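Colleague: sequence first, predicted model second:
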Amino acid sequence: MSNLWKRIDSADVHVVVMGIGYVGLPLVAEFARAGFRVTGLDKDSEKVRMLNAGESYISDVPASDLAPHVSSGRLAGTTEASVLSKADAVVVCVPTPLNKTKDPDMRFIVDATDEIARHQHDDMVVILESTTYPGTTSEVLVPKLTENGFELGKNVFVAFSPERVDPGNEIYKTKNTPKVLGGATPDCLKVATLLYSKIIDTLVPVSSPEAAEMVKLLENTFRAVNIGLVNEVAMMSRRLGIDPFEVIRAAATKPFGFMPFYPGPGLGGHCIPIDPLYLSWKLRTLKYQARFIELADTINSAMPSYVVERIAEALNAHSKAVRGSKILVYGVAYKKDVSDIRESPAITIMHELIVRGAEVAYHDPYVPVFNEDGVSLNSVAISRGLSDYDALVIVTDHSCMDKEQIMREGTLIVDTRDALRGVAGDRSKVHGL
């Protein structure tokens with residue numbers, strides 16, 4: 001280990017990042033900035049082409065963070081797994097989706113592990129960042145990477161470090177976001193800690209990969225459960241004739257014992273709608289029901305349909321039916337100021353409106369083309385006004401939204417984000433969540 005330790009300390013190792021999406025590409029940029037030789041490995045040839053051209057396809061990673069390192073020969077992309085035979089450190093950032101029954105789909109982690117084992121050599125560091133259930137690193141990676149005579153903590157070093165990527169966050173990026181690390185052995189933790197200390201300001205070591213895996217699931221379960229709570233509060237408040245946003249904002253003035261969460265049209269992104277279900281699946285294998293997680297998932301998954309019902313109620317209040325109505329959806333990204341539509345509630349909302357007979361269009365300055373769940377549309381311009389539409393549904397309130405223009409138009413509005421609070425105009429046609 002001493003030679004590997006010295007080489008990592010002097011940035012004289014080759015780092016391969018498997019999966020160069022929202023998690024992998026920022027890591028690629030940080031390792032290159034720190035002086036390491038870095039290769040991004042991905043099956044998507046277009047991502048690889050853009051990386052090799054010094055271009056970025058993720059808004060959080062400017063091309064200026066890539067192009068100089070590509071020009072210097074320090075950074076490259078490839079679709080060829082054979083590059084792993086030349087890697088000293090491998091960081092796995094592959095997708096971890098759910099299948100149709102909401103069970104973990106482990107294909108990508110298993111395939112990545114098999115590829116690493118196929119090209120394995122002495123003194124390799126392998127760090128898994130893909131979110132998964134507690135036990136994955138020890139049960140999937142470690143057995144495969146030690147089956148051909150490699151000794152854990154001696155000539156192969158395995159660890160888990162949960163990603164903490166928040167697309168669109170202007171303050172916390174990869175380098176200044178504290179990073180949790182759990183090694184399969186104490187020496188595995190030491191090596192992984194040294195490697196990440198070169199690119200991350202603050203490291204948080206924990207006792208095992210299982211603890212690190214659980215950290216990520218706790219973080220996202222905390223958010224999913226609290227969002228589920230306020231989403232149900234929104235539905236209960238509406239039954240009582242109370243504005244849920246007013247209630248939450250007032251409760252948030254309490255200086256202790258309360259943290260505000262706000263309701264919305266449903267969960268989006270890769271993490272919060274999916275990650276907690278990895279934990280509930282794991283617990284089911286141990287004959288334990290994760291009741292909070294499953295209840296929160298039930299409530300949150302129903303929110304897009306609830307929004308469609310609110311749209312129907314709003315139209316009905318103005319003597320209109322969903323069938324035949326022209327409805328414009330504002331924002332299809334899962335959160336403001338990003339282009340990421342993974343698990344976006346807009347997908348379900350638009351699909352259900354179309355099934356009900358509505359003529360649906362959308363506007364999103366960050367998503368020019370939308371092709372999900374059988375809905376294929378291009379973003380329309382709204383500079384000419386909203387008078388052609390019977391209703392506007394605000395799903396994502398991007399910062400560039402012209403709220404005054406929307407209020408001036410007088411079109412029926414269903415505001416799922418409470419984006420128009422405080423904006424002057426005719427409130428009679430604004431319907432909240």
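Modeller: Everything's here; your move.
Colleague: which parts of the longest helix along the chain are buried?
Modeller: Secondary structure assigned by DSSP state H gives helix 209-239 as the longest helix of the chain. Neighbour-count burial for helix 209-239, counted by 16 or more other C-beta atoms under 10 Å, picks out 209-210, 212-217, 219-221, 223-225, 227-235, 237-238. Just so you know, the C-beta spots here come from the backbone N, C-alpha and C atoms, and that holds for glycine as well.
Colleague: then stretch 11-21?
Modeller: So for stretch 11-21, counting by 16+ other C-beta under 10 Å, buried means 13-21.
Colleague: just to revisit the earlier point, now the longest helix of the chain: mean pLDDT?
Modeller: In this model, helix 209-239 carries a mean pLDDT of 96.
Colleague: same deal with stretch 159-172?
Modeller: So the average pLDDT for stretch 159-172 ends up being 93.
Colleague: just the pLDDT for the residue lying farthest from the centre of the chain.
Modeller: What lies farthest from the middle of the chain is residue 319; by C-alpha atoms, centre = their mean that is 39.5 Å. With respect to pLDDT, residue 319 has a value of 95.
Colleague: state the distance from it to residue 390.
Modeller: Note on residue 319: its distance to residue 390, by C-beta to C-beta, to the nearest Å, is 11 Å.
Colleague: cool, and residue 351?
Modeller: Taken as C-beta to C-beta, the span from residue 351 to residue 390 is 19 Å.
Colleague: neighbour count winner among these two?
Modeller: residue 390 (20 against 17; other C-beta atoms under 10 Å).
Colleague: hang on, isn't the more buried one packed against residue 314?
Modeller: No - the pair residue 390 / residue 314 is not scored as a contact, 10.0 Å apart, by C-beta atoms under 8 Å.
Colleague: shared neighbours of those two, anything?
Modeller: residue 412 (C-beta atoms under 8 Å, 6 or more residues apart in numbering).
Colleague: okay, now the closest residue to residue 13 other than its chain neighbours: neighbour count?
Modeller: Distances taken as C-beta to C-beta, 6 or more residues apart in numbering put residue 88 closest to residue 13, at 3.7 Å, once the chain neighbours are dropped. Counted by other C-beta under 10 Å, the residues lying close to residue 88 total 19.
Colleague: contacts for the host helix or strand of residue 4?
Modeller: Element membership for residue 4, per DSSP states H and E: helix 2-9. Applying C-beta under 8 Å, 6+ apart, the contact partners of helix 2-9 are 12-13, 88-89, 123, 125, 157, 190-191, 194-195, 198.
Colleague: okay, buried residues for that helix please.
Modeller: For helix 2-9, using 16+ other C-beta under 10 Å, the buried residues are 4, 8.
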